[in-house]
Structure formats: C-alpha cells, structure tokens
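A.B. asks: I need the structure of the sequence given here:
(2 chains)
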Amino acid sequence: MGLFHLHMGLNFLKVTFIILFKEISIAEPMASSPLLATSLPHNQLTTTATVTAGRYRLPPPEKLAVLIEKSKSVDELLQIHAAILRHNLLLHPRYPVLNLKLHRGYASHGKIRHALALFHQTIDPDLFIFTAAINTASVNGLHDQAFSLYIRLLSSEIAPNEFTFSSILKSCSTESGKAIHTHVLKLGLWMDPYVSTGLIDVYAKGGDVTSAQKMFDRMPERSLVSSTAMITCYVKQGNVEAARALFDRMCERDIVSWNVMIDGYAQHGFPSDALMLFQKLLADGTSKPDEITVVATLSACSQIGALETGRWIHVFIKNNRIRLNVKVSTALIDMYSKCGSLEEASLVFKETPRKDIVAWNAMIAGYAMHGYSQEALKLFDEMRFVTGLQPTDITFIGTLQACAHGGLVNEGVRLFESMGQEYGIKPKIEHYGCLISLLGRAGQLKRAYEIIKNMKIEADSVLWSSVLGSCKLHGDFVVGKEIAEYLIGQNITNSGIYVLLSNIYASAGDYEGVAKVRNLMKEKGIVKEPGISTIEIDNKVHEFRAGDREHMESKEIYTMLRKMSERIKSHGYVPNTNTVLQDLGEIEKEQSLQVHSERLAIAYGLICTKPGSPLKIFKNLRVCSDCHTVTKLISKITGRKIVMRDRNRFHHFTDGSCSCGDFW
DNA sequence: CATCTTCTAG
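C.D. replies: Numbers count the residues shown, from 1 in each chain, chains lettered A, B, ... in the order given. Sure thing, here's the model as predicted:
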C-alpha cells in the first residue's frame, strides 16, 4: 500500500468515523471504561476526532489488539477505535490486525453495520478482512451481501482459502452450495474438515442426504463435529435410525452430539426415546447437559405428558446451574401446561424476566388449552398494551382456541377479522380450524360450512373433523350428511374422518351409510388409528391401548374396570354405543367401550394411587363421548379430580362435571 | 490475525 493510498484511506476514515459515532452517543461518560484509563485521559477522549495525534502515549499495537479482544462493550471498542484513529494506526500497513480485530469486536457485539463499515473503508482488503466480512454477513443472515463480498474477492484475484469457504457456505442454498463446491474442488480444499463439514451442512439443510453422505464418506478424517453434522442431516430427514446408528458408532461424543440426537427423537415423534437417551447421557457422565439439552428433553416430556419427569428436570436445572434463559423458561411453561399443571406453568411465566413473544404465546396457549378463556384473552391484552410486543400468527392460534373452548363466538370472530385488518397476518389453515370449531361448537354449522367452501386455502382433514364432530355433537345430520356425501367422493386418507362419517350415519340411524363408509375404508385399506392412553406413575409412563392385556397388572386392572362399571350403572349410566365403529351386537359394543384405552389408564391409576389423589391421563385421540360421561361419573363416585388431555384440549373432571362444559 | 455441529410456541 503506497503513501497515497494511506492518505486517501485516512481522509475517508474520518468521515466514516463520524458516521459511526452518530449511532452511539459519544457524550456518554467514558469513565465507565477503566480499560484505557491509565494511558488515555477521558477528557480528551470525549472531545472530537480531530484531536491531533500524539498528545498521550498509546499502548503498542500488539497490546491494542489484546485490548480490543478483551473489550466487554461497544463503548470500550469505540474508545479504542478513536485512539487508533487519532494515531493514524488503523490502516497502517504494518498493523492490518487492528482493523481485523475491531471488525470482529463490533461483529461480536452485534454492531454489524459498524463491522462492515470497517471493511468497506479498507483499501486493498486482504484475504483476512475479506473472510472476516463474509463471515460476519453470513452469520447475521445477510446472505446476499456475503455473496457480493465473495464475488468481489474473486474479482480481486485473491484466492479464497478454507476459512473463506467455511464462511460463505453458511449463506449457501443447495444451488449456490453446488457452485461453491466446485470452487472448493478446484482449489483442492475439500479435505479440510471445516470446509467439508460446511458442505455437509449445506446439503443437510437442502435435504440432499445423498450428497451429504458422499461428502461425509469421502472425508479423510471424520471429526466429532462432522459426524454431528451428518447426524443432524439424518435427523432433518426424519431418519432417526440412521442418526442413532451413526451416533452409536462415534468413538467420542460431546454435548452437541447428544443434543442433536435427543432433540432428533423429540422432534420426530419419539419422545420416550428422547427421555431414554437423556437418562443415558446422565449415566454416561462425560458431557454436562446444557440449556439446549433441557429444552429438548422438556419438549419430550410435554409430548407424553410426563409431569413427574418434567418436574425432575426443573429441579435438575436449578441444581446444575443451567441458565434459566427465556427459551428454557418457555420450554418449562409449555411442559407444565401440556402436562396438566397450569399452576406451575404460570408460576414459571411470572418469574420469567424479559419475556419474548414465544413465552407469551406459550402461556396464552396454555390457558386456552385448559379452557381458561378469559385469562388467555386478558393475557393477550396485557401483552399488547403493557409490553407492546407484536402478536404473531401463533399468538392468534392461542387466542382463537381460547374463544373456541370458551364458546366466545363474537370475540372469536372479531379476533379472526382483526388478524388481517389490524396486524396484517394472513389466516392460515390452523386459524380457520379454530374459527370453524368455534362456530361448530356454537351450533352454527351452516355458517361454518359456508366459510370452508369460500376459503382461499384448501380444507384439511383437521377442519373436516372439526365440522363433522360438531355436527355429531349438535345432532345436525342435514349438514353432516351433506358434508359426508361430499367427502366420500374425495380421496380422503385420514382415518379419523371415516370414523366420524360412520358415527354421523350411525347417529342418524342411517345404517346403509354406516355400511358404505365401512366398505370404503376396507377398499382403501384405511385402518382406524389406535387410541393410546398413558398415565405416569412414579416417574414411569404406562401406556394402554384398547383391550390391552399387555400390562403386568392386567388382571387387577380388569377387575377394577368391572367394579367401576357396576358402580356407575347404579348411578344411572347408560352406555352410548353409537360411536362404536365395529359391526357388533349391543353387548359386544358395550364391552368394546368398556376397554377403551382411557378407561384402562384410569383403572390403573385408581389401583396405584392413594384414594382422593388426582389422576392425570393422556390420550392421543379425542376422548369419546361415552368415556367422557363415564369419567365424569368416576370423578363423582371416587371424589377424585381427573385431568385428561386429549388431542384437542384438557378436560378437568371434578365431582361429576367437566371443565369443557361437555363441548369439545 | 480465523473457520464447522444443537435451541422454545400451533
């Protein structure tokens, strides 16, 4: 770099310097930074950048670089930056490191514009600052900028190195990744572990397992990190078996690899495997669980309703000094609400500082799930008016669900309309689902059906089940059959829809219709999704299917079932066999109801827990109306509170009635 | 003078 360049550079610098300082008030008292106190008098620092150089001693450049790295705030960086500028050291050809360190310093404090401004004022940027700038842009999601920097680098005839590729790959789609891949090959850098891991990651993100696998197989050395990247790739594809196989083959594991595997199970429908792996992690003892581990594990607890395990993890978090950041708190709120303990959920919520929209969403959804509609809506208002946070589409799922569960038709419709009008959020199928269930529950089935017909999005099976369920509930067989006729002509694969269709025909006394649906199911090979209920006792989750005799204490359970059956009959219970799908006689139908999975779970709970203690049951499908009636009676006879989570919501049974008000 | 893998709400 010639003298002329240096000169130009410094002139340019002064301008940039002022621009930089505009963003952060320089009038802030500089005394807050003791770092430079010995060598740099504050009063001089607080004056303008035009102070002439050399009035006080500056630490040597090597020391300055260390000071930049140690800076704990942007203020400190700005002071050092100012000092360097005043001594004309920033673009000094002998100390390019200062520019680089400042760039990284600003970037690490989230001052992306400051960091990139430093790059843009650099004359003849070298590979280091180029790579640093590309990395900064990539990490912060400025992918277009990262690419234009990369292109500028190529045209400057400096060859990118492994560091550059590792940075630019973070901005790559599969398309651009392939292009970069060719550059990597051309420059012979594919053996580098960082580059190949980056490539695996790009292919993983694009769902291209084959290319990722190829990359991985050709690596000369499979590092811990690249194996973890490959596991991530399998997991993203939903192939947990392949992921686990590789995980088991690894000779060393760190907490990240454990986390990827645990979360992989939790997010792909294997929550109990996630919990088992968490146990293994603890037993293994080589890696220490962190925030991410507990978030994944709590999510697994939420899914199977493992309240005891969830509580245990809460204690574990406290005892192991795991930081209770907003994500962990939200995972706890979600776990407690989904495991039936709204009290504990709201306790965690109250104690969460700096709640973000996700935390609010989780709590609102929690109240909605449990049928506390007013509380959910109050929370929504509090969020908007007190914190000023912007609701998201998910916020509206919570509030609309609250309205649906509370039968608040007008509020719900108004909320639905305000979504687009006030917040510019386009309703998704889930929002329509809430609206339809709201109207359905209120018996406005024609209106619901009209909305479905006029929707711009195509109705899904959730929506149809919702209307059909409401038709059944309100005995509206006119609309019900109309929808049924329409749906039978469609190519539906969702088993739940067929069950409901058959229920509707059965309730309407149309046995030809029932036969038609049953034949259709046979033709298409559609099997009813099995109902599975679980109950957690002493930290162990017990699983039951209808008619199940797998359980160790099966004999006692069936004895208890018979005993309960007699007692509820003496309380005037008459079985409602309308919903039984099989072609059976009345007695057999009654028997098939008696062994529904939720009843097995309740019976087991009655055997294993102290009289009077509450029971918590979880079911993967919606609770059937007969079981709902029976559970109400059991709560009355035994004096127990029974909390039941079904696919849709929570039911709190107390003394013969249910919090859902018999609409669900 | 440096680069890679994990994160909550429906």
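A.B. asks: just checking, what packs against the helix or strand containing A:Y150?
C.D. replies: In this structure, A:Y150 sits in helix A:143-155 according to DSSP states H and E. Helix A:143-155 sits against helix A:127-139, helix A:162-168, with contacts defined as 3 or more C-beta pairs under 8 Å, 6 or more residues apart in numbering; DSSP states H and E. Where C-beta positions appear, they are placed from N, C-alpha and C, glycine not excepted.
A.B. asks: Just send those helices back as TSV, with distance to A:Y194 and mean neighbour count too.
C.D. replies: Listed next are these as TSV, based on distance: least, C-beta to C-beta, whole Å; neighbours: other C-beta atoms under 10 Å:
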stretch	distance to A:Y194	mean neighbour count
helix A:127-139	12	22
helix A:162-168	4	24
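A.B. asks: Go through these and name the closest to A:H551.
C.D. replies: Within those, the stretch nearest A:H551 is helix A:127-139; the backing value is 51.8 Å (C-beta to C-beta).
A.B. asks: residues contacting A:A133?
C.D. replies: A:103, A:115-116, A:119, A:125, A:149 (C-beta atoms under 8 Å, 6 or more residues apart in numbering).
A.B. asks: isn't there a strand covering A:V643?
C.D. replies: Yes - using DSSP: H, G, I helix; E, B strand; the rest coil, the assignment for A:V643 is a strand.
A.B. asks: how far away is it from A:D356?
C.D. replies: 29 Å (C-beta to C-beta, to the nearest Å).
A.B. asks: More neighbours: which of these two?
C.D. replies: More crowded of A:V643 and A:D356, by other C-beta atoms under 10 Å: A:V643, with 22 against 14.
A.B. asks: List the contacts of the more buried one.
C.D. replies: A:340, A:614-617, A:650-653.
A.B. asks: go again using 10 Å as the cut-off
C.D. replies: A:305, A:307, A:339-342, A:370, A:614-618, A:650-654, A:659 (C-beta atoms under 10 Å, 6 or more residues apart in numbering).
A.B. asks: about what we covered before: ok, the contacts of A:A133 vs DNA strand B, which is closest?
C.D. replies: For those, the closest approach to DNA strand B (C-beta to the nearest atom of the strand) belongs to A:H103, at 9.0 Å.
A.B. asks: quick one, helices of the stretch 1-150 of chain A?
C.D. replies: Using DSSP state H, counting those that start in this stretch, the helices of the stretch 1-150 of chain A run over A:3-23, A:42-45, A:61-70, A:74-86, A:96-108, A:112-120, A:127-139, A:143-155.
A.B. asks: And the third one, what's buried?
C.D. replies: Applying a neighbour-count criterion of 16 or more other C-beta atoms under 10 Å, one finds A:61, A:64-65, A:67-68 buried in helix A:61-70.
A.B. asks: Check those against A:L187 and report the nearest one.
C.D. replies: The closest of the buried residues of helix A:61-70 to A:L187 turns out to be A:A65 (C-beta to C-beta; 29.2 Å).
A.B. asks: now do the same end-to-end measure for stretch A:569-586.
C.D. replies: 16 Å (C-alpha to C-alpha, to the nearest Å).
A.B. asks: ok, now stretch A:443-459?
C.D. replies: First-to-last distance for stretch A:443-459 - C-alpha to C-alpha - comes to 20 Å.
A.B. asks: related to what we said a few turns ago, can you add mean pLDDT and distance to A:L332 and give the helices of the stretch 1-150 of chain A back as a markdown table?
C.D. replies: Below are the helices of the stretch 1-150 of chain A laid out as a markdown table (pLDDT from 0 to 100; distance: least, C-beta to C-beta, whole Å):
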| stretch | mean pLDDT | distance to A:L332 |
| --- | --- | --- |
| helix A:3-23 | 35 | 37 |
| helix A:42-45 | 33 | 45 |
| helix A:61-70 | 89 | 35 |
| helix A:74-86 | 91 | 32 |
| helix A:96-108 | 93 | 29 |
| helix A:112-120 | 94 | 32 |
| helix A:127-139 | 95 | 29 |
| helix A:143-155 | 95 | 34 |
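A.B. asks: The ones you listed into JSON lines, with extra columns for distance to A:H542?
C.D. replies: Shown next, in JSON lines, are the helices of the stretch 1-150 of chain A (distance: least, C-beta to C-beta, whole Å):
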{"stretch": "helix A:3-23", "distance to A:H542": "59"}
{"stretch": "helix A:42-45", "distance to A:H542": "68"}
{"stretch": "helix A:61-70", "distance to A:H542": "55"}
{"stretch": "helix A:74-86", "distance to A:H542": "55"}
{"stretch": "helix A:96-108", "distance to A:H542": "50"}
{"stretch": "helix A:112-120", "distance to A:H542": "52"}
{"stretch": "helix A:127-139", "distance to A:H542": "46"}
{"stretch": "helix A:143-155", "distance to A:H542": "49"}
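A.B. asks: export these to a markdown table and tack on distance to DNA strand B?
C.D. replies: A markdown table is the format used below for those (distance: least, C-beta to the nearest atom of the strand, whole Å):
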| stretch | distance to DNA strand B |
| --- | --- |
| helix A:3-23 | 17 |
| helix A:42-45 | 26 |
| helix A:61-70 | 8 |
| helix A:74-86 | 15 |
| helix A:96-108 | 4 |
| helix A:112-120 | 12 |
| helix A:127-139 | 4 |
| helix A:143-155 | 12 |
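A.B. asks: For A:N161, find the nearest of those helices.
C.D. replies: With C-beta to C-beta, the closest approach to A:N161 among the helices of the stretch 1-150 of chain A belongs to helix A:127-139: 6.5 Å.
A.B. asks: Tell me how far that closest one lies from the chain's centre.
C.D. replies: Relative to the centre of its chain, helix A:127-139 is centred 30 Å away, using C-alpha atoms, centre = their mean, to the nearest Å.
A.B. asks: ok and it relative to helix A:112-120, angle-wise?
C.D. replies: Going by axes from the mean of the first three to the mean of the last three C-alpha atoms, to 10 degrees, helix A:127-139 is angled at 150 degrees with respect to helix A:112-120.
A.B. asks: what is the orientation angle of helix A:127-139 with helix A:96-108?
C.D. replies: Relative orientation of helix A:127-139 versus helix A:96-108 (the same axes, to 10 degrees): 10 degrees.
A.B. asks: Buried members of the contacts of A:V643 into ChimeraX, please.
C.D. replies: Those of the contacts of A:V643 that count as buried under 16+ other C-beta under 10 Å are selected in ChimeraX with:
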select /A:305,307,339,340,341,342,370,615,616,617,618,650,651,652,653,654,659
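A.B. asks: Filter the contacts of A:V643 to keep only those in contact with DNA strand B.
C.D. replies: Residues of these in contact with DNA strand B (C-beta under 7 Å from any atom of the strand): none.
A.B. asks: In strands, which of the contacts of A:V643 fall?
C.D. replies: Applying DSSP state E to the contacts of A:V643, the entries found in strands are A:615-618, A:650-654.
A.B. asks: in those residues, which two residues are the furthest apart from each other?
C.D. replies: Greatest spatial distance in the ones in strands among the contacts of A:V643: A:F618 and A:T654, 18.1 Å, computed using C-beta to C-beta.
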